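Chemist: Have a look at this fold, sequence not included:
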């Protein structure tokens, strides 16, 4: 009954038997960001650039009914899903991970044309990241 997830602590990717393909791609994005320090650094820089000046908001307030805890925060930007700007702080209170790679790969897999036309900046970032640029 648990969701698919990637655990950085355990270095474990868990995919539920009935998971959709885009969920698998999404969770693999987490694995990639956590496994490759260069990818993590680029994702953090992209998140910082895109969310600069954005107000911190509770995901539970802007996405009611999706089961977010009161402590889960985001910087909304103009992402098609505010979850993309989710805040993941380390023990020192510094942004340490993102949803940028996982959501971007999911969008690229699900509907690349829509992704490219709705958010060309984000699309270009993911396209270039996948090409090692």
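Modeler: Now that the structure is in, tell me what you want to look at. Treat the numbers as computed from the prediction; the structure is a model and nothing was measured. Numbering: from 1, shown residues only.

Chemist: residue ranges with poor pLDDT in this structure?
Modeler: 1 (pLDDT under 70).

Chemist: where along it do the strands fall?
Modeler: 5-7, 12-14, 56-58, 73-75, 88-89, 95-97 (DSSP state E).

Chemist: okay, those, which one's buried deepest?
Modeler: strand 73-75 (a mean of 21; mean count of other CB atoms under 10 Å). Yep, even glycine has a C-beta here, placed from its N, CA and C like the rest.

Chemist: Does anything pack onto that strand? Which helices or strands?
Modeler: strand 56-58, helix 59-62 (3 or more CB pairs under 8 Å, 6 or more residues apart in numbering; DSSP states H and E).

Chemist: Would you reformat the ones you listed as JSON lines and include distance to residue 37?
Modeler: JSON lines is the format used below for these (distance: least, CB to CB, whole Å):
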{"stretch": "strand 56-58", "distance to residue 37": "26"}
{"stretch": "helix 59-62", "distance to residue 37": "27"}
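
Chemist: before we move on, back to that, let's have the strands of the chain in a markdown table, adding distance to residue 120.
Modeler: Shown next, in a markdown table, are the strands of the chain (distance: least, CB to CB, whole Å):
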| stretch | distance to residue 120 |
| --- | --- |
| strand 5-7 | 27 |
| strand 12-14 | 30 |
| strand 56-58 | 24 |
| strand 73-75 | 20 |
| strand 88-89 | 25 |
| strand 95-97 | 24 |
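
Chemist: need the contact list for residue 129.
Modeler: Counting by CB atoms under 8 Å, 6 or more residues apart in numbering, residue 129 touches 39, 42-43, 101, 104.
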